[in-house]
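Colleague: Okay, predicted coordinates and the sequence, questions at the end:
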Amino acid sequence: MKRNRKEKDRFTGAMFRSMLGPAVLSSLGLAFGDAADAVVVGQRMGATGLAAVGLALPVYMVMNVFVHGFGSGGSVYYARLMGEGREQEAVRNFRQVIQAALAVSVLLGAAGRLFLDRFLWLLGTTPSDGAVFAACKTYVGILLIGMPVIFLSYVSNYYLRNDDYSRLAGIGFTVGNVSDFLLNVVFVIWLDLGAAGAAWSTVLGQLISVCIYGGGLARGKSRLRYRPVKPDLRYVLACLRLGFGTSVHYIYQMIFLIFANNTLMNTAGAFGVAVFDVIQNASYFVSYVYDSAAKAAQPLISTFCGEHNETAKRNVMGLGLKAGCAMGILSAALIALFPGTVCAVFGIHSGEALALGRAALRIFCLGTVFAGVNALMESYYQASGREKGVFIITTLRSAVILFPVTWFCSRLGAEGFWWLYPATEFLSFAVFCVFMHVYPLRGDGLREERIFQRTIENRNGDVGEIAGEAGEFCEKWDGGPKQVFYVTMVVEEICLAILEHCGEREKAYIQITLVALEEGGFELHVRDSASGFNPFSLETGKAGDSYEFDMNAMGMMVIKEKAREFFYRQYQGFNTLTVRI
């Protein structure tokens with residue numbers, strides 16, 4: 001059999017670009033929404049309000065552990081199941097995860113309200129802090145009430161992006177977060193509701209996102225319809241464990257925030273915590289820019305994992321790195337060039353706080369490239385289902401490196417504290433690269449020799465040759481005569497039907513991935529650029545009824561009868577077909 005040839009990937013570039021726009025929109029909306037409370041409260045209440053919002057950041061970290069754990073872990077499984085053609089299992093996955101996420105949100109909210117004063121003490125504020133304590137208590141209390149809405153919004157967004165609804169996810173998330181900002185202006189500035197107005201604007205903004213998601217799904221043909229199901233704790237924990245590889249970062253981040261807030265409160269007072277909140281919001285903005293590239297890549301990588309398409313996985317990761325670094329470097333450069341403007345946006349206009357803020361922002365920007373690359377690697381390993389790699393890099397940059405570096409930098413005073421950001425990211429990147437060189441992580445266990453891949457470029461003459469090569473591939477992996485014949489027929493009939501549908505009207509590309517499964521049998525994945533054509537939709541009548549009898553339709557009928565399973569869907573502008581033989 002001929003060896004696999006190096007062929008140009010005709011699909012991943014277009015698929016990634018179609019995902020990137022909505023992902024950028026969604027991430028910028030998230031950054032806008034996260035900063036809204038700090039911006040408006042800072043402008044209205046000054047350092048006191050900014051400090052109160054900053055002290056509440058660990059609450060968001062607690063929520064993030066679960067919303068990103070359930071959302072990312074569950075949606076990765078969902079995308080892989082869809083990539084394998086297992087639609088019913090994918091729908092069950094969605095319903096189990098949504099149900100579990102809502103249950104956890106109710107329990108967390110109730111527990112937080114019950115022990116609110118003790119929780120605030122842990123965050124770093126007590127009644128002796130006066131206005132800061134009062135504002136923080138009001139803000140946190142309302143967030144705890146709105147937890148179910150926030151959980152539903154974030155987890156739904158993950159699933160929408162993995163179900164070919166990335167545009168709806170981007171629009172809903174952005175509109176919700178812009179609404180958060182506008183409601184902040186109304187509640188905090190116009191109505192003078194202070195911290196309460198900021199908290200309610202956050203909850204209502206996420207509620208608006210949920211309404212947009214629901215309205216869009218009601219008009220579409222999405223599989224994402226919630227129905228109560230019998231809880232399967234083991235299954236839900238498996239999803240959470242996969243997502244926990246990256247969401248564990250938020251546990252470490254919570255510990256870091258508590259330590260940093262307490263340190264700065266003791267050494268620099270409220271204005272030190274206020275500057276820290278500015279840095280945190282700047283870090284969210286830059287990290288969300290990189291995260292947009294990761295969000296665009298993740299559904300594709302998970303899908304290609306289900307198809308065992310290693311080349312496409314690597315290509316998507318390369319595109320994500322290029323896009324993320326281009327946007328991230330530009331964002332960091334703007335912050336470093338105009339640090340005074342950034343401080344002014346958050347209500348810091350003069351004095352010692354402004355001088356400290358300028359210096360801190362410039363130091364922070366030095367490590368943003370390493371931070372972005374680390375985040376993209378986390379996303380790649382998670383989307384590939386390789387929890388160990390995710391856990392290692394997340395633990396390095398969020399605990400093993402971060403905590404000792406933070407302790408050391410806290411001894412440098414308020415001016416030197418900020419060096420923890422570039423030092424942590426650079427050291428984490430370096431240590432992880434060394435670890436990967438010494439102990440390379442294994443893939444999904446399927447050897448490259450078990451994967452046959454070809455691309456047809458609108459030349460009917462290629463079909464017979466490639467069908468023959470597919471048959472030889474089956475023989476190599478102990479396929480019986482019937483399997484070899486059937487695989488050859490499936491490849492030939494499907495490809496000819498697609499090419500005939502395209503005709504001369506459009507340039508057709510067909511990507512064939514044939515996998516020799518370790519448990520026996522074969523799995524065929526076909527992706528093509530024909531405009532919305534499902535070969536299995538062809539209809540056939542009796543051969544004697546008409547001279548217009550369609551042999552392609554007859555071939556599809558035979559394939560449907562003989563295949564163990566088959567599944568068709570349109571995904572990111574291309575038709576995808578899975579046949580198990």
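Modeller: Yes, it's here.
Colleague: The nearest residue to Phe567 once chain neighbours are set aside: how many residues sit nearby?
Modeller: Closest residue to Phe567 apart from its sequence neighbours, by C-beta to C-beta, 6 or more residues apart in numbering: Gly85 at 3.1 Å. Bear in mind the C-beta positions are built from the backbone N, C-alpha and C, glycine included. Gly85 has 22 neighbouring residues, counting by other C-beta atoms under 10 Å.
Colleague: In which helix or strand does Gly85 reside?
Modeller: Counting by DSSP states H and E, there is no helix or strand that carries Gly85.
Colleague: Just the pLDDT for it.
Modeller: The model reports Gly85 with a pLDDT of 76.
Colleague: Show me what the helix or strand where Val178 lies is packed up against.
Modeller: Element membership for Val178, per DSSP H and E: helix 166-184. On a contact count with 3 or more C-beta pairs under 8 Å, 6 or more residues apart in numbering; DSSP states H and E, helix 166-184 meets helix 12-55, helix 147-162, helix 194-219.
Colleague: do you know which of those helices lies nearest Ile363?
Modeller: helix 12-55 (18.2 Å; C-beta to C-beta).
Colleague: in the helix holding Val178, what's buried?
Modeller: 166-181, 183-184 (16 or more other C-beta atoms under 10 Å).
Colleague: For this structure, which segments count as strands?
Modeller: Assigned by DSSP state E, the strands in the chain fall at 451-456, 510-516, 522-528, 565-571, 574-580.
Colleague: if we compare these, which one ends up closest to Pro58?
Modeller: Nearest to Pro58, of all those, is strand 565-571, at 38.5 Å by C-beta to C-beta.
Colleague: Just give the strands next to that closest one in its sheet, each with its orientation.
Modeller: Strand pairing for strand 565-571, using DSSP bridges, gives strand 574-580 (antiparallel).
Colleague: Distance from the strand it pairs with to the middle of the chain?
Modeller: Distance, stretch centre to chain centre, for strand 574-580: 24 Å (C-alpha atoms, centre = their mean, to the nearest Å).
Colleague: and if you look at stretch 63-75?
Modeller: With C-alpha atoms, centre = their mean, you get 10 Å for stretch 63-75.
Colleague: Could you give me the buried positions within it?
Modeller: So for stretch 63-75, counting by 16+ other C-beta under 10 Å, buried means 63-75.
Colleague: just those now: which is nearest Ile279?
Modeller: Checking the buried residues of stretch 63-75 against Ile279 with C-beta to C-beta, the nearest one is Asn64 at 18.0 Å.
Colleague: Identify the residues contacting the closest residue to that closest one other than its chain neighbours.
Modeller: Leaving aside its sequence neighbours, Asn64 sits nearest to Tyr250 (C-beta to C-beta, 6+ apart; 4.0 Å). By C-beta atoms under 8 Å, 6 or more residues apart in numbering, Tyr250 lies in contact with 61-62, 64-65, 68.
Colleague: distance of Tyr250 from Met63?
Modeller: 8 Å (C-beta to C-beta, to the nearest Å).
Colleague: likewise Leu81?
Modeller: 26 Å.
Colleague: what's the answer for Phe566, then?
Modeller: 41 Å.
Colleague: Arg358 now?
Modeller: Using C-beta to C-beta, we find Arg358 at a distance of 31 Å from Met63.
Colleague: Include mean neighbour count and mean pLDDT when you put the helices and strands packed on helix 166-184 into a markdown table, please.
Modeller: Compiled in a markdown table, the helices and strands packed on helix 166-184 are given as follows (neighbours: other C-beta atoms under 10 Å; pLDDT from 0 to 100):
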| stretch | mean neighbour count | mean pLDDT |
| --- | --- | --- |
| helix 12-55 | 24 | 79 |
| helix 147-162 | 25 | 92 |
| helix 194-219 | 21 | 91 |
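Colleague: low-confidence ranges in the stretch 151-300 of the chain?
Modeller: 220, 245-246 (pLDDT under 70).
Colleague: Who are the contact partners of the closest residue to Thr513 other than its chain neighbours?
Modeller: Nearest non-adjacent residue to Thr513, counting by C-beta to C-beta, 6+ apart: His525, 4.2 Å away. By C-beta under 8 Å, 6+ apart, the residues touching His525 are 307-309, 511-515, 576-578.
Colleague: and Ala135, what is it in contact with?
Modeller: Here Ala135 is in contact with 45, 48-49, 52, 194-195 (criterion: C-beta under 8 Å, 6+ apart).
Colleague: for Val342, same thing?
Modeller: So Val342 contacts 278, 282, 335, 357, 361 (C-beta under 8 Å, 6+ apart).
Colleague: what's the burial count for the first one?
Modeller: Burial measure for Val278: 28 neighbouring residues, criterion other C-beta under 10 Å.
Colleague: From Gly54, how far off is it?
Modeller: Using C-beta to C-beta, Val278 is found at 9 Å from Gly54.
Colleague: Could you name every residue contacting both of those two?
Modeller: Joint contacts of Val278 and Gly54 (C-beta under 8 Å, 6+ apart) are Ala38.
Colleague: quick one: pLDDT of Met63?
Modeller: You'll see Met63 listed with a pLDDT of 92.
Colleague: repeat for Val373
Modeller: 95.
Colleague: For it, which residues are in contact?
Modeller: 321, 324-325, 429.
Colleague: Can you tell me which of these has the most neighbours?
Modeller: Using other C-beta under 10 Å as the neighbour criterion, Gly324 leads the contacts of Val373 with 25 neighbours.
Colleague: mind listing what it touches?
Modeller: 289-290, 292-294, 372-373, 376.
Colleague: For the stretch 401-550 of the chain, which residues score under the pLDDT cut-off?
Modeller: 442-445, 458-461, 502-506, 531-550.
Colleague: Helices of that one, residue ranges please.
Modeller: For the stretch 401-550 of the chain, applying DSSP state H, counting those that start in this stretch gives helices covering 402-410, 413-416, 420-438, 460-476, 481-502.
Colleague: quick one: which of the ones you listed is nearest Arg241?
Modeller: That would be helix 420-438 among the helices of the stretch 401-550 of the chain, by C-beta to C-beta, at 20.8 Å.
Colleague: quick one: buried residues of that closest one?
Modeller: So for helix 420-438, counting by 16+ other C-beta under 10 Å, buried means 420-429, 431-432.
Colleague: any idea how far it is from the chain center?
Modeller: Averaging C-alpha positions (C-alpha atoms, centre = their mean) puts helix 420-438 23 Å from its chain's average.
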